[in-house]
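Participant: Predicted model follows, preceded by the sequence.
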Amino acid sequence: MRIATWNINGIKARLPRLTEWLTDFSPDVALLQEVKSVDENFPRQEIEDLGYNLITHGQKSYNGVAILSKSPIDDVMLGLPGDETDEQARYIEAFTGGIRVATIYLPNGNPQPGEKFDYKLAWMDRLITRAEQLLEWEEAFILGGDYNVIPADIDCYDPSAWVDDALTQPESRARLRTMINLGLTDALRVFHDETIYSYWDYQRGAWQKDNGIRIDHMLCSPQATDRLTGAGVDRAPRGKEKPSDHTPVWIDLAD
DNA sequence: ATGGTTGTGTTACAA
């Protein structure tokens, strides 16, 4: 089965790109971020017409995540546990197609230092706690999404331009490494040891110059990693009209 | 040169 993650930067603006990608690329499961829509306005019918079930967790104007799947979606959990006062829609966990998946829109954290960076680090600590809980079950699961963390300098076209950014701070990178050290695998790195990007800024001709960064990740539990047969980046959507600034990252799992 | 662009039930703010 093929599972992909894509930060679409607005479902309303991106619906044509999303539907053509679902048709052409045909992932079994799609983890979406930054839908920027309340659930009532989400264009469910257009997606269901393509053969997908979907769960949305949205809010007005900002954030918002969704899980699309060709299989039924069960055991849905909206929101990341650990802070009942957190109202930002950044996490859905569910069971579909025989595997547990989460769609993650991790806080950007800029500017740093500051309240937003503190929120990012606290959110990552909650994600680590949730990963520890999931690992106790010793089952296959995927934590995929926009992590807003550039893991290492190889994942950035110009590390010197990003030294003060929340995406490269030691505190951000250390927390992502903690997740790896718990036993999760960065799937894209299993199949690609070269520089490979998932995001290009809209500004300064970043796409045309290939000035990208890698911030969209698919972390696999040991039982999921055992089934990994491939991983990659689908660059095609980034080159089309009215694109998202992110492009899909995908993995293939043996049945 | 602190620039540039895109999205949102926008017109400020997040990315």
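Facilitator: The structure has been received and is ready for your questions. Residues are numbered from 1 along each chain as shown, chains lettered A, B, ... in the order given.
Participant: which residue does the stretch 1-150 of chain A bring closest to DNA strand B?
Facilitator: Closest residue of the stretch 1-150 of chain A to DNA strand B, C-beta to the nearest atom of the strand: A:G10 (2.6 Å). C-beta: built from backbone N, CA, C; applies to glycine.
Participant: list the contacts for that residue?
Facilitator: A:34-37, A:244 (C-beta atoms under 8 Å, 6 or more residues apart in numbering).
Participant: which one of these has the most neighbours?
Facilitator: Among these, the one with the most neighbours (other C-beta atoms under 10 Å) is A:V35, at 29 neighbours.
Participant: element containing it, please.
Facilitator: For A:V35, there is no enclosing helix or strand under DSSP states H and E.
Participant: The one 10 residues further on now?
Facilitator: When elements are assigned from DSSP H and E, A:Q45 belongs to helix A:44-48.
Participant: mean confidence score for that helix?
Facilitator: Averaging the model's pLDDT scores along helix A:44-48 yields 97.
Participant: ok so, going back, what pLDDT is listed against the residue of the stretch 1-150 of chain A closest to DNA strand B?
Facilitator: Reported pLDDT for A:G10: 98.
Participant: Then A:R189?
Facilitator: At A:R189, pLDDT is 98.
Participant: Helix or strand for it, just tell me which one.
Facilitator: Using DSSP H and E, A:R189 falls in helix A:187-191.
Participant: Which helix or strand lies directly C-terminal to that helix?
Facilitator: Following helix A:187-191 toward the C-terminus (DSSP H and E): strand A:199-200.
Participant: Just the residues contacting that following strand, thanks.
Facilitator: Counting by C-beta under 8 Å, 6+ apart, A:7, A:206-207, A:210-216, A:238, A:245-247 sit against strand A:199-200.
Participant: what residue ranges in the stretch 1-150 of chain A score low on pLDDT?
Facilitator: Along the stretch 1-150 of chain A, the model assigns pLDDT under 70 to no residue.
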